[in-house]
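> pasting the sequence and the predicted model now:
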Amino acid sequence: MTPPRRKKDRAAAGKKGRSAPAAPRAAGRGAAEAGAPAGELPSRFTGGAFANFFLAFLTRLVSLLTLFIAYPAMMCMHMRWKVSHTYYCGRRLGFDGTARALFKKYLLWLLLSVLTLGIFAVLALPGKLARWQLEHTHIEGQEGSGESAYTGNIWGVLRVNVVTKLVTLLTLSFGAYWAHCYKERWYAVHRRIDGFGLAFDGTGMQCFGTFIRWVLLTVLTLGVYAFWLLVKAEDWTARHTRFAQTEGMISPRRQEECRRERPVRALPPSAVFGSAGYACAAAGLLSVLSHCAGMAAAGAELAAYAAAGAGYFLLFGAAGLALSALGAVRCGKDGGAALAARPLSVLGMCFALAIPAAAGLFALFG
């Protein structure tokens, strides 16, 4: 007969052995809730709120001031920054597209849009641009694998865009969270980066529960939190996007070693200084031209033109001239990455000097 204490010990040991395997299941469940399967590094977006806003604003402003001639250069600059701050499964991505390569395609797309009365811009341009961007997106340091490819077609992109906009409109924007997940899931299925497929596991309910807090904070802060909302939305999307399989892929540690051996600056300073200088100078020149035209119609005196030229130069031209000159100086150090910054820097200096010259011409002939 077994003593009572031995029976209790055996029962306790059996209970302990049965409960031991529960820990890995809990860990796997927690990892899945965090957006990454168990044992896999998470995806994330590390870009800053103000850098994201500044680059997006600068891209639109410079493109508008140059009648969209500089759009390829500004878009490449913004994409290079955005992609370099994106990590899938712990692997950092890189973007090698150049303004020169995009400009040739951009001119063709503009011509086709004009010839088709805008039909090409609506139906085909979003897909063409997405394809070009993905073909130049790679896993940093990855070698000997497949190519980056986008397999979506024109009608698929059109269907996804129409469905997401209709759902958002018909539900008074409440369905935008489910529409966003539907769109990201479709794009993930049709994208391959260096031969590795992607998967998106976010759901509409997760998106709604997370985004609604950020929207409320934006309302409570009178829009100030919108700067952070944009990058948090990027981060949420990135955290729920992962590679379908990582076998044969470069490790994050090896990526860090390659980055130390061959440091790559995601956004050359010459591009930032040149673009900002051009934007300031162009805004100042447009402002002084419109102001002087109004004064000429009203019959202003010579002193008024001189004051306008000096004022706009101090307000816009001085900063534009300094930033453009700094961008031009940095072009020599940044090398090939500064290809698009050089003409913008030169134009920025010319526009800055043209501000007082324009006021003087109005004073003489206006």
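Cool, got the structure.

> just checking, what packs against whichever strand or helix holds Gly360?
If you go by DSSP states H and E, Gly360 is part of helix 341-365. Helix 341-365 sits against helix 269-298, helix 302-312, helix 318-334, with contacts defined as 3 or more CB pairs under 8 Å, 6 or more residues apart in numbering; DSSP states H and E. In short, each C-beta sits where N, CA and C put it, glycine included.

> export these as TSV, with columns for distance to Thr164, mean neighbour count and mean pLDDT.
TSV is the format used below for those (distance: least, CB to CB, whole Å; neighbours: other CB atoms under 10 Å; pLDDT from 0 to 100):
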stretch	distance to Thr164	mean neighbour count	mean pLDDT
helix 269-298	31	21	86
helix 302-312	43	17	88
helix 318-334	38	20	84
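
> could those helices be laid out in TSV, adding distance to His190?
Output for those, formatted as TSV (distance: least, CB to CB, whole Å):
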stretch	distance to His190
helix 269-298	30
helix 302-312	49
helix 318-334	34
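
> in space, what's closest to the one residue sitting closest to the centre of the chain - neighbours in sequence excluded?
Taking CA atoms, centre = their mean, the centroid of the chain lies closest to Lys82, which sits 4.0 Å from it. Closest residue to Lys82 apart from its sequence neighbours, by CB to CB, 6 or more residues apart in numbering: Gly47 at 6.5 Å.

> give me every residue that touches the residue nearest to the centre of the chain.
By CB atoms under 8 Å, 6 or more residues apart in numbering, the residues touching Lys82 are Gly47, Asn52, Phe95, Glu234.

> what strand or helix carries it?
Here Lys82, judged by DSSP H and E, is contained in helix 71-84.

> what mean pLDDT does that helix have?
Model confidence over helix 71-84, given as mean pLDDT, is 89.

> same question, stretch 190-205
Averaging pLDDT along stretch 190-205 yields 95.

> then stretch 250-257?
88.

> now do that stretch: everything it contacts.
For stretch 250-257, the external contacting residues (CB under 8 Å, 6+ apart) are Leu41, Gly90, Arg91, Arg92, Ile139, Glu140, Gly141, Gln142, Glu143, Cys258.

> just stretch 91-103 next, same as before
By CB under 8 Å, 6+ apart, the list of residues contacting stretch 91-103 reads 41, 72-73, 75-76, 79-80, 82-84, 86-87, 132-133, 136-140, 142, 193, 243, 246, 249-250, 252, 255, 259, 264, 339-340.

> any quick ChimeraX command for the buried ones out of the residues you listed?
Paste this into ChimeraX to select the buried members of the contacts of stretch 91-103, with burial taken from 16 or more other CB atoms under 10 Å:
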select :72,73,75,76,79,80,82,83,84,86,87,132,133,136,137,138,139,140,142,193,243,246,249,250,252,255,339,340
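
> among the helices and strands packed on helix 341-365, which comes closest to Leu172?
For the helices and strands packed on helix 341-365, the distance to Leu172 is smallest for helix 269-298, at 36.2 Å, taking CB to CB.

> now the angle between helix 318-334 and that closest one, please.
Following axes from the mean of the first three to the mean of the last three CA atoms, to 10 degrees, one obtains 150 degrees for the angle between helix 269-298 and helix 318-334.

> can you name every helix or strand that helix 269-298 contacts?
Packing partners of helix 269-298 (3+ CB pairs under 8 Å, 6+ apart): helix 49-65, helix 71-84, helix 302-312, helix 318-334, helix 341-365.

> in CSV: those helices, plus distance to Gly156.
Output for the helices and strands packed on helix 269-298, formatted as CSV (distance: least, CB to CB, whole Å):
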stretch, distance to Gly156
helix 49-65, 26
helix 71-84, 22
helix 302-312, 49
helix 318-334, 38
helix 341-365, 36
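
> so for Ala293, which of those sits nearest?
With CB to CB as the measure, helix 341-365 is the member of the helices and strands packed on helix 269-298 nearest Ala293 (7.5 Å).

> and that closest one with helix 302-312, angle?
Relative orientation of helix 341-365 versus helix 302-312 (the same axes, to 10 degrees): 170 degrees.
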